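Novice: all I have is the shape, not the residue letters:
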Ligand code: HEM
């Protein structure tokens, strides 16, 4: 058993469940919480986005930085991203609207930012339920095709965020900084997959490694 891999795996699982526990405690068991439902909705949305971004980082971090343990956990990170998105949607349906589907349908129909969130959520759901080994074997080539949606989910979630804070990137109006940071990270993670950029970064890493490596004692 490789102990290093097991440690990183532990960090991912404890990190995700620990975050969920902290978000529940901070929002619902805190007497100073002013609007616990809305802040819980915001916090779980942010956590979903962060885990989806970490999952998207798996492949480039594995190939460019050679951090293979991280790359191995990209599936778990993506599933946790979906878990936080599901809690986020549940908070919206249950805590915010008490499952009153007539109202919910009207809100969803008339709110553009929800369309983007919903699209991201449905795609994340499709990836989560097909994330098992058995499904991969059953779906064969279609599994890879379907899992290309991973490149679309995080950008859709970032647009959802931009629309919520009514941010305007050109005039920097609204609370633009936070979605801009997430958007830039997503853009970088997509750009570093382009083969010439990826090759350039791998060459840079090997050049730095060979310069900093100590010569072997004779
Ligand atoms: C993968 C799917 C999704 C992700 C990653 C996501 C992420 C986010 C993020 C980052 C925020 C802003 C948090 C902040 O302001 O700090 C947010 C807010 C919100 N999201 Fe989502 N979301 C998703 C899907 C959905 C869906 C499907 C719905 C509704 C059906 C939804 C409803 C909301 C609402 C109501 C807010 C708060 C808006 C407000 O401040 O008025 N989200 N979400």
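Specialist: Arrived safely, thanks for sending. Nothing here was measured: the structure is a model prediction, and the numbers come from that model.

Novice: tell me where the longest helix sits in the chain.
Specialist: Secondary structure of the chain per DSSP state H: the longest helix is helix 36-64.

Novice: average pLDDT across that helix?
Specialist: Mean per-residue pLDDT for helix 36-64: 97.

Novice: return the distance of the helix or strand of the chain with the lowest mean pLDDT from the chain's centre.
Specialist: Within the chain, confidence by mean pLDDT, DSSP states H and E is lowest for helix 3-28 among all helices and strands, at a mean of 91. When C-alpha coordinates are averaged (CA atoms, centre = their mean, to the nearest Å), helix 3-28 and its chain have centres 15 Å apart.

Novice: what residues sit buried inside that helix?
Specialist: Buried residues in helix 3-28, counting neighbours by 16 or more other CB atoms under 10 Å, are found at 8, 12, 16, 19-20, 23, 27. C-beta: built from backbone N, CA, C; applies to glycine.

Novice: other SSEs contacting it?
Specialist: helix 36-64, helix 68-72, helix 74-90 (3 or more CB pairs under 8 Å, 6 or more residues apart in numbering; DSSP states H and E).

Novice: out of those helices, the one nearest the ligand is which?
Specialist: helix 36-64 (2.6 Å; CB to the nearest ligand atom).

Novice: which bits of the chain sit near the ligand?
Specialist: 41-42, 45-46, 48-49, 52, 85, 88-89, 92, 114, 117-118, 120-121, 124, 157, 160-161, 164 (CB under 6 Å from any ligand atom).
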